[in-house]
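Asks: sequence first, then the predicted structure:
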Amino acid sequence: MSTLTGLERALERFGGSLLAQFRQKEPVELVEALRKECDDHIVVCSESRTVVPNAYDVELAEFAHEELERNGQRIDQVLTDSLLRHGETMGYEWAGPLTVHVTKSRDVPNGRYRVSSHVMKHVRAAAFQH
């Protein structure tokens, strides 16, 4: 093996590693943005009761949505599970059934995603699709 070939392989591994880190960073940032949205909208009802919104909307830039979808996981379920664990860790009470709705968007301020939350009122079991 020549020195040049070995160097080329090392550069390919480094480039692949760098690309993998970039791809893994996006979901981590998104999870942190969801947690921040949750933490920023707490309502302290008493010393032992803290309520947070139960409905979260995540708008993803088209390329980000496609990239995350390519991993074969349901993005909304992964984000819901992560947010649920965060709420349990913090001792939060959800204002109702927790849901994270993910959509594609061409108009997100940072070019990647936007996160918002609200309290979903009057939820009926029939409103949830299986």
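Replies: Good, I have the coordinates. Residues are numbered from 1 along each chain as shown.

Asks: hey, where'd the strands end up in the protein?
Replies: Ranges of strands in the chain, per DSSP state E, are 43-46, 49-52, 55-61, 92-94, 99-105, 113-118.

Asks: pull out the buried positions in the fifth one.
Replies: With burial defined by 16 or more other C-beta atoms under 10 Å, the residues of strand 99-105 counted as buried are T99, V100, V102. Heads up, the C-betas are built off the backbone N, CA and C, glycines and all.

Asks: contacting residues around that strand?
Replies: With C-beta atoms under 8 Å, 6 or more residues apart in numbering as the test, strand 99-105 has contacts from 34, 54-62, 65, 75-76, 79-80, 83, 114, 120.

Asks: where does pLDDT dip in this protein?
Replies: Counting by pLDDT under 70, the ranges of the chain that qualify are 1-27, 72-73, 122-130.

Asks: where exactly do the helices run in the protein?
Replies: For the chain, the helices defined by DSSP state H occupy 3-40, 62-70, 75-90.

Asks: can I get the second one in CSV? Just the C-alpha atoms.
Replies: What that stands for is helix 62-70. Extracted in CSV, the C-alpha atoms of helix 62-70 (Å, rounded to 0.1, in the frame of the first residue of the first chain):
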residue,chain,number,x,y,z
GLU,A,62,-37.6,19.7,3.8
PHE,A,63,-34.0,18.5,3.6
ALA,A,64,-33.9,17.9,7.4
HIS,A,65,-37.2,16.0,7.4
GLU,A,66,-36.0,13.8,4.5
GLU,A,67,-32.7,13.1,6.2
LEU,A,68,-34.3,12.1,9.5
GLU,A,69,-37.0,10.1,7.7
ARG,A,70,-34.3,8.2,5.8
